[in-house]
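A.B. asks: Need a 3D model of the sequence below.
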Amino acid sequence: GKTGAGKSVALSSGICSNHVATNGADIHIEPKSNEMVTDLLAAHYEKHGTLENVLYFDCSAVLPAFSFFDIRDELDAGVSRTTAVEDSVDHYLEMLRGLMGRDRFERAVRSPDVIRYLVKAMYDPVSGDDAFAHRELHAAVREMHERQSAPPVADGDLERMLNGVVANNSRSFDEIMQGVANRIEKIPVDKRLAAIFNHVPEEGDPHFDLADYLDDDVLIVFDTSGLRSEAQRVLTLVILSNLWTALRRRVQRSDGDNRLVNVYVEEAASIAVSELLKDLLSQSRGFGCSLTLAMQFPGQLRDQSDDVYAELLNNISTLVTGNVPADRRLAERLATDGMNPQDVGNRLRALRRGQWLVSLPAEFDVAEPRPFLIESLAQPLENPAGENPLKSHHDFETTLEAVQHRTMHDVGLTIDLPSGVRHSEADDEAIP
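C.D. replies: Residues are numbered from 1 along each chain as shown. Take a look at the predicted model:
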């Protein structure tokens, strides 16, 4: 729906309701509004009288302590080494594309290939490890550039590809390696991304992994609203990458009786080009995961990735839409034998604020119900003046501060800043 249609209120109400109705993790990624997060947590507090089962990452100050270049848990879960490494490499390249934009990233044709080779070499048993920091990858790139020699690896095919790179003449090799450095350096130039990608936890260090929470009745909120758009996009992909591997590990380890995980992604159009999102959409049912994508209108996806747009229209069974003035394929998706696409388009344009057209799935061998209208519930805890009285309540404020402290202490990373520098000033220094 359009701006002001009530998407955030409807999403907040849905999260609160689903948390009561299901007993797996609820995971919310919010890039738009810190106020929406506070409203959601206030509603949760009012409903349950506690925030004990909440983790809240205000990512402008506290980051989830992911270990990105780390396949140890994958191997322990029985995932093949080849699959674990390939996924790690693919997800890293996705994030670099997210920082630079696909066209800029792929402009130097050979550089992305060399990044792939070197990340694989970092996992190779001869010169690598099962877990490493981004700064170690950076050092390996610099060493290969300075010496014009490839790192030793056990994989014969990888060895030949790396030797093919160093066999270039000095000028071509220098251009290739400078392109590699220009791309991977987009990570450490942002302090928050550097903190996550350089984190390799040892005994006693903070560590966060969604696999530890999927079957818990917990609400996990990632508030990225204080970050720049490029960093928001990459952090969202890091979260989804960890979610993907966590869900796969759960399948590997379980007997098939898994709790439903609910994931909510606001402003999902910003990550539409990601193959990771496309994979999650296609595999989420088998993983026991419900994925809710909130955006102004599905056509936003078409401009960035027609494949994901088609995946959304064809493989998502439940659609809730407000006023969308122009989206022909959405109208076609909602059309029935009693209402053609033109009539659906007219109906979508006529929806008022707080009205939603809903299309639901049906059981096997049962006709799908016709789309129908619903109206928004009142915002949780909102009084007639449109205010949330609990947000300023002392008990809630104290409890929220305790949640933030617990999250930071147990599973969070903080950013080391020079004395006297505030987090907002750090944003001005970090240009992804």
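
A.B. asks: Where do the strands of the protein begin and end?
C.D. replies: Secondary structure of the chain, counting by DSSP state E: strands at 26-30, 54-58, 62-64, 219-223, 261-265, 289-293, 319-321, 355-359, 372-375, 412-414.

A.B. asks: can I assume Gly354 is in contact with Leu373?
C.D. replies: No. The pair Gly354 / Leu373 is not scored as a contact, 10.7 Å apart, by CB atoms under 8 Å. The C-beta positions use only the backbone N, C-alpha and C, and glycine is treated the same way.

A.B. asks: Between these two, which has more neighbouring residues?
C.D. replies: Higher neighbour count among Gly354 and Leu373: Gly354, with 16 against 10, using other CB atoms under 10 Å.

A.B. asks: Now the phi/psi pair for the more buried one, please.
C.D. replies: In terms of degrees, to the nearest 10, the main-chain angles of Gly354 are phi 90, psi 0.

A.B. asks: sorry, back to before: just put the strands of the chain in a markdown table and tack on mean pLDDT and distance to Asp209.
C.D. replies: Formatted as a markdown table, the strands of the chain follow (pLDDT from 0 to 100; distance: least, CB to CB, whole Å):
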| stretch | mean pLDDT | distance to Asp209 |
| --- | --- | --- |
| strand 26-30 | 96 | 13 |
| strand 54-58 | 97 | 12 |
| strand 62-64 | 97 | 9 |
| strand 219-223 | 97 | 11 |
| strand 261-265 | 95 | 14 |
| strand 289-293 | 91 | 16 |
| strand 319-321 | 90 | 31 |
| strand 355-359 | 91 | 35 |
| strand 372-375 | 89 | 37 |
| strand 412-414 | 95 | 13 |
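
A.B. asks: could these be laid out in TSV, adding distance to Gly338?
C.D. replies: Below are the strands of the chain laid out as TSV (distance: least, CB to CB, whole Å):
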stretch	distance to Gly338
strand 26-30	36
strand 54-58	45
strand 62-64	48
strand 219-223	40
strand 261-265	32
strand 289-293	28
strand 319-321	18
strand 355-359	14
strand 372-375	12
strand 412-414	53
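
A.B. asks: quick one: which of those strands is nearest Arg406?
C.D. replies: The minimum distance between Arg406 and these falls on strand 54-58, with 8.0 Å, by CB to CB.

A.B. asks: Tell me the buried residues in the closest one?
C.D. replies: Val54, Leu55, Tyr56, Phe57, Asp58 (16 or more other CB atoms under 10 Å).

A.B. asks: ok now that strand, how far from the chain's centre?
C.D. replies: 15 Å (CA atoms, centre = their mean, to the nearest Å).

A.B. asks: what pairs with that strand, and is each one parallel or antiparallel?
C.D. replies: Sheet pairing here is set by DSSP bridges, and for strand 54-58 it gives strand 219-223 (parallel).

A.B. asks: Now do the helices in the stretch 51-200 of the chain.
C.D. replies: 72-76, 81-100, 102-105, 110-123, 134-147, 156-166, 170-184, 191-197 (DSSP state H, counting those that start in this stretch).

A.B. asks: Thr399: which of those is closest?
C.D. replies: With distances scored as CB to CB, the stretch of those nearest to Thr399 is helix 191-197 (26.0 Å).

A.B. asks: which non-adjacent residue is nearest Leu243?
C.D. replies: Residue nearest to Leu243 in three dimensions, not counting chain neighbours: Leu210, with 5.4 Å by CB to CB, 6 or more residues apart in numbering.

A.B. asks: residues contacting that neighbour?
C.D. replies: Contacts for Leu210 (CB atoms under 8 Å, 6 or more residues apart in numbering) come out as Ala25, Ile27, Ile220, Ile239, Asn242, Leu243, Ala246.

A.B. asks: Check those for burial and list the buried ones.
C.D. replies: Ala25, Ile27, Ile220, Ile239, Asn242, Leu243, Ala246.

A.B. asks: from these, which is closest to Phe132?
C.D. replies: Minimum distance to Phe132 across the buried ones among the contacts of Leu210 is 16.7 Å, recorded for Asn242 (CB to CB).

A.B. asks: Would you quantify the distance from the closest one to Leu214?
C.D. replies: As for Asn242, its distance to Leu214 is 11 Å (criterion: CB to CB, to the nearest Å).

A.B. asks: Ok, His19 next?
C.D. replies: Taking CB to CB, one finds His19 at 14 Å from Leu214.

A.B. asks: remind me, longest helix of the chain?
C.D. replies: If you go by DSSP state H, the chain has its longest helix at helix 229-253.

A.B. asks: who does the nearest residue to Ala195 once chain neighbours are set aside bridge with?
C.D. replies: Nearest non-adjacent residue to Ala195, counting by CB to CB, 6+ apart: Leu413, 5.0 Å away. Beta bridges link Leu413 to Leu63 when assigned by DSSP bridges.

A.B. asks: I'd like the numbering to begin with 720 instead of 1 from here.
C.D. replies: Taking 720 as the first residue, the last one we looked at is Leu1132.

A.B. asks: I'd guessed Leu1132 sits against Ala913; true?
C.D. replies: No. Leu1132 lies out of contact with Ala913 (CB under 8 Å); the separation is 10.3 Å.

A.B. asks: So those two - more neighbours on which side?
C.D. replies: A side-by-side neighbour count of Leu1132 and Ala913, using other CB under 10 Å, places Leu1132 first with 23 against 18.

A.B. asks: ok, so what distance separates Pro871 from Thr1118?
C.D. replies: Taken as CB to CB, the span from Pro871 to Thr1118 is 54 Å.

A.B. asks: So which of these two has more stuff around it?
C.D. replies: Neighbours were counted for Pro871 and for Thr1118 using other CB under 10 Å; Thr1118 has more, 19 against 11.

A.B. asks: so that one makes contact with Glu765?
C.D. replies: No. Between Thr1118 and Glu765 there is no contact under CB under 8 Å: 11.2 Å.

A.B. asks: Could you tell me the end-to-end distance of stretch 933-952?
C.D. replies: 23 Å (CA to CA, to the nearest Å).
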